[in-house]
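Participant: below are the sequence and a predicted model; questions follow.
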Amino acid sequence: MSTAAVTSAGGRGGSSTAEVEETLARIRSHRGVEGVLIMNKDGATVQSTLSEEQTTVHAALLSQLTAKAASLVETIDEGDELTFLRIRSKNREIMVSPDKEFLLVVIQDPHASE
């Protein structure tokens, strides 16, 4: 998803909301995708396909985890930056794509069959 599309969802970009909706629909159509969440770096939700409760929990925890991971990457190699974060358990996979202002989170079942 382009920064412009996400920025539009936040009300500050030039792209249309339709473009954001189209991108989210494309992501959701992939096998095993259970939810998509767009939030700002502070964890404030811009858009979500999760329940309200799931959105609140995921946004709070993942924004903190992503900030810590980004800090770790920069501490280990000054000038480097976090470009993608993937967490996999037995039952779920959470993928986080950070941008300057926003985080795109995709939650999926890695064992889902078509």
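Facilitator: Cool, got the structure.

Participant: next SSE downstream of the lowest-mean-pLDDT helix or strand in the chain?
Facilitator: Of all helical and strand segments in the chain, the minimum by mean pLDDT, DSSP states H and E falls on helix 3-9, at a mean of 39. Of the helices and strands lying after helix 3-9 in sequence (DSSP states H and E), the nearest is helix 17-28.

Participant: figure out how far the next helix or strand after that next one is from the centre of its chain.
Facilitator: Heading C-terminal from helix 17-28, the first helix or strand you meet, by DSSP H and E, is strand 33-40. Chain-centre distance of strand 33-40: 5 Å, with CA atoms, centre = their mean, to the nearest Å.

Participant: partners of strand 33-40, with directions?
Facilitator: strand 45-48 (antiparallel), strand 102-108 (antiparallel) (DSSP bridges).

Participant: and the pLDDT for Met95?
Facilitator: Per-residue pLDDT puts Met95 at 97.

Participant: in CSV, list the strands paired with strand 33-40 along with mean pLDDT.
Facilitator: Shown next, in CSV, are the strands paired with strand 33-40 (pLDDT from 0 to 100):
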stretch, mean pLDDT
strand 45-48, 93
strand 102-108, 96
